[in-house]
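> Output the structure for:
(chains A and B)
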Number of protein chains: 2
Amino acid sequence: MSEGPVFGRVALIGLGLIGASIAHAARRGGAAATLVGWDRAEAVRDRATSLGFLDAVPATAAEAARGADLVILCTPVGAMGEAAAAVAPALAPGAVVSDVGSVKAAVVRTVAAALPDGAAFVPAHPIAGTEHSGPDAGFAELFDGRWCIVTPPPAAPRRAVARVAEFWERLGAKVDEMSPEHHDLVLAVTSHAPHLIAYTMVGVADDMRHVTESEVIKYSAAGFRDFTRIAASDPTMWRDVFLTNREATLEILGRFTEELFALQRAIRTGDGELLFDYFTRTRAIRRGIVEAGQDTPDPDFGRIHRGRAR
Amino acid sequence: MSEGPVFGRVALIGLGLIGASIAHAARRGGAAATLVGWDRAEAVRDRATSLGFLDAVPATAAEAARGADLVILCTPVGAMGEAAAAVAPALAPGAVVSDVGSVKAAVVRTVAAALPDGAAFVPAHPIAGTEHSGPDAGFAELFDGRWCIVTPPPAAPRRAVARVAEFWERLGAKVDEMSPEHHDLVLAVTSHAPHLIAYTMVGVADDMRHVTESEVIKYSAAGFRDFTRIAASDPTMWRDVFLTNREATLEILGRFTEELFALQRAIRTGDGELLFDYFTRTRAIRRGIVEAGQDTPDPDFGRIHRGRAR
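Here you go, the predicted model:
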């Protein structure tokens, strides 16, 4: 490939799973000429230095941002305002600022308020992650085939939006654009409510009187273990998500509870037909996800006996 | 290995995912000298015949059971009584009858009532499955490293219990014993409530006014797709599970709703500390499941980029 880098110097503020994966993926795709990064935690900066996925790990956020063509805020949502304020004085004229927050409306307000007038701010959210956290968890393929949603304010320069989109495409992602508010509602359905529900179910199982934790663990293959993966995600990140996407999450949870009560009533009254019809309908959406390349068609996510011939 | 088969002739009544997988696994492990099977649906019998995992597929359940040393009922829970009644007249003296139902107390009552006095009935439940159904979905490795719970009535001959346990071990499973009632409570936590919750969340997502189905599918990698796997399970099987394990399922769902409301209140009031503590606690149970060999430690169940070196 003869394409040059999309941005010259790219600074990553926050070096957890997402920040580290952006570095690996940008390296693989040649998306940046120089990659620098910073994290609030000294231990994380040291670890990132040893892992060697960055060209430099300066001691302050401002140093990292100085001279950068693109600064990406990769902190938990609740720390984005502080991160933006830390880089703001160091931003070069014409620098583009982006982020990877799972919540957009609140983050856009907070970050925009902290940036200098006229800074080109292009909020983004790559829809990808794993249950692991920290710089060691990062890897180049995380964004391959996944969607990255950009939610630019009306005033954002279209050239900056196009370059951020190109950057994400070079990392392996597909790019969509929508308003911050619509993003937050879509993610409340596809991510925030499912996470809270998974956390809740795992919490209930952990706190039973007549069923031991060892029983829950031994017999988890019956369905429960699928919940534990997303309920093992980073607690700081998720606390911030729920506190900043409060309205949309509560709206979806309200709908969920309503629906759950209807199914509970069907169980109580023995309405097998309602249950059967409901369970048939939900199969179709699984097929859609597999057809769209967003999950594997292998049984059990392919996690059992990968080597076996079928 | 010089071990002989655990049972001579084994008859499988019901040839879906579990029945077919038992046949494959018994063949692999040499657990049966002869394997025959029957299914209520002629199309399934024909398909099982072409797939060739059985020595014979007779036209009736009674023919399949005739002369069998072990008869395993592998139908949905709601059809177990009928299946037991169909094989009862053909049972040889000394034949052992077992099943694979996900619910035990109700099934044990129904099946025991249909069997002749003195039949050796050893109820069992292998804790394994995938989201796929039917004879094509079966494979030999399904039970490897998974638990099979036997719930023998006090009167069951211990020798029959031991042979059924040995049969399951030969299929790759580990065997535990408990009462039907305790089994049903444990499974309500680890399987039945999680399935109903997953079905509900997928149903909600499918029925949103402001979020399209195509958006739900595109952005499902943010957590939602983990729910869709178990919400794609066989509708008949799950309808029967909820109708027959009603009390325990409703009890767990009651606990779940109580807990969910507490977390919703924390979101509404902005209690970040409660959320953080809750989300930290639920991580531990995930580690326990991975350490117990009941799930893969790979990020994202290993479904992303299996080939990549880490």
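> Would you indicate which residues of stretch A:208-222 are buried?
A:208, A:211, A:215-222 (16 or more other C-beta atoms under 10 Å in any protein chain shown). (C-beta placed from N, C-alpha, C; glycine too.)
> Now do it: distance from first to last residue.
Stretch A:208-222 has an end-to-end distance of 17 Å (C-alpha to C-alpha, to the nearest Å).
> Which residues does it contact?
Stretch A:208-222 is contacted from outside by A:205-206, A:224, A:228, B:102, B:127-129, B:146-147, B:149, B:176, B:182, B:185-187, B:189-191, B:255, B:285, B:288-289, B:292, B:294-295, using C-beta atoms under 8 Å, 6 or more residues apart in numbering or on different chains.
> State the pair within the buried residues of stretch A:208-222 that is farthest apart.
A:208 and A:221 (17.9 Å; C-beta to C-beta).
> In strands, which of the contacts of stretch A:208-222 fall?
Among these, the members falling in strands (DSSP state E) are B:147, B:149, B:176.
> In contact with the last one: list those residues for me.
I take that to be residue B:176. Contact analysis of residue B:176 by C-beta under 8 Å, 6+ apart lists A:218, B:147-150.
> Just the pLDDT at residue A:131, thanks.
pLDDT, residue A:131: 89.
> cool, and residue A:286?
So, for residue A:286, pLDDT stands at 89.
> ditto for residue A:309
34.
> near chain B at all, stretch A:130-140?
Yes. Stretch A:130-140 reaches chain B (C-beta under 8 Å from any C-beta of the partner chain) through A:130-132, A:137, A:139-140.
> farthest pair in those residues?
A:131 and A:140 (18.4 Å).
> Next up, the contacts around the nearest residue to residue A:228 once chain neighbours are set aside.
Using C-beta to C-beta, 6 or more residues apart in numbering or on different chains and skipping the chain neighbours, the partner closest in space to residue A:228 is residue B:286 (4.2 Å). By C-beta under 8 Å, 6+ apart, the residues touching residue B:286 are A:131, A:202, A:228-229, A:231-232, B:295.
> So for those residues, which is the shakiest by pLDDT?
residue B:295 (86).
> how about the helices in chain A?
With DSSP state H as the criterion, chain A has helices at A:17-29, A:42-51, A:61-65, A:80-87, A:105-114, A:158-170, A:180-187, A:193-205, A:213-218, A:224-230, A:235-244, A:246-269, A:272-291.
> any chance of the ones in strands among the contacts of stretch A:208-222 in a markdown table, with pLDDT and distance to residue B:261 too?
Formatted as a markdown table, the ones in strands among the contacts of stretch A:208-222 follow (pLDDT from 0 to 100; distance: C-beta to C-beta, whole Å):
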| residue | pLDDT | distance to residue B:261 |
| --- | --- | --- |
| B:147 | 96 | 33 |
| B:149 | 98 | 32 |
| B:176 | 97 | 34 |
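> re the thing from before, closest one to chain B out of the residues of stretch A:130-140 next to chain B, please.
When those are ranked by distance to chain B (C-beta to the nearest C-beta), residue A:130 comes first, at 3.4 Å.
> Touching, the closest one and residue A:146? I think so.
No. With contact defined as C-beta atoms under 8 Å, residue A:130 and residue A:146 do not form a contacting pair (11.6 Å).
> More neighbours: those two, which one.
When residue A:130 and residue A:146 are compared for neighbours, residue A:146 comes out ahead with 23 against 20, by other C-beta atoms under 10 Å in any protein chain shown.
> The more buried one reaches residue A:126, doesn't it?
Yes. Shown here, residue A:146 and residue A:126 form a contact pair, counting by C-beta under 8 Å, at 6.4 Å.
> which neighbours do the two share?
In contact with both residue A:146 and residue A:126: residue A:173, using C-beta under 8 Å, 6+ apart.
> returning to that earlier point: shared neighbours, residue A:130 and residue A:146?
If you check residue A:130 and residue A:146 against C-beta under 8 Å, 6+ apart, no residue is contacted by both.
> I'd like the ones in strands among the contacts of stretch A:208-222 as a markdown table, with distance to residue B:47 appended.
Formatted as a markdown table, those follow (distance: C-beta to C-beta, whole Å):
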| residue | distance to residue B:47 |
| --- | --- |
| B:147 | 29 |
| B:149 | 29 |
| B:176 | 33 |
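> Neighbours of residue A:59, how many?
Using other C-beta under 10 Å, residue A:59 has 10 other residues around it.
> List the contacts of it.
Residue A:59 makes contact with A:38, A:45 under the criterion C-beta under 8 Å, 6+ apart.
> quick one, phi/psi of it?
phi -80, psi -20 (degrees, to the nearest 10).
> One more: the one 10 residues further on?
The main-chain torsion angles of residue A:69 are listed as degrees, to the nearest 10 and equal phi -90, psi -30.
> Would you enumerate the residues in contact with it?
Going by C-beta under 8 Å, 6+ apart, the list of residues near residue A:69 reads A:7-10, A:92, A:94-96.
> Check it and give its pLDDT.
At residue A:69, the pLDDT value in this model is 98.
> try residue A:212
Looking at residue A:212, its pLDDT is 89.
> Next: residue A:78.
96.
> Which residue comes closest to it once chain neighbours are left out?
Using C-beta to C-beta, 6+ apart, the closest residue to residue A:78 is residue A:240 (3.6 Å).
> What about residue A:94, how many residues nearby?
By other C-beta under 10 Å, 11 other residues sit near residue A:94.
> got the contact list for it?
Contacts for residue A:94 (C-beta under 8 Å, 6+ apart) come out as A:69, A:120.
> separation between it and chain B?
Distance, residue A:94 to chain B, by C-beta to the nearest C-beta, to the nearest Å: 32 Å.
> got it, and residue A:247?
Here residue A:247 is placed at a distance of 10 Å from chain B (C-beta to the nearest C-beta).
> can you check residue A:301 too?
4 Å.
> Pull the contacting residues for that residue.
Contacts of residue A:301 by C-beta under 8 Å, 6+ apart are A:295, B:229, B:301-303.
> again, only this time at 10 Å
In this structure, residue A:301 makes contact with A:226, A:229, A:295, B:130-131, B:225-226, B:229, B:295-296, B:300-304, judged by C-beta atoms under 10 Å, 6 or more residues apart in numbering or on different chains.
> Please consider this matter closed, and thank you.
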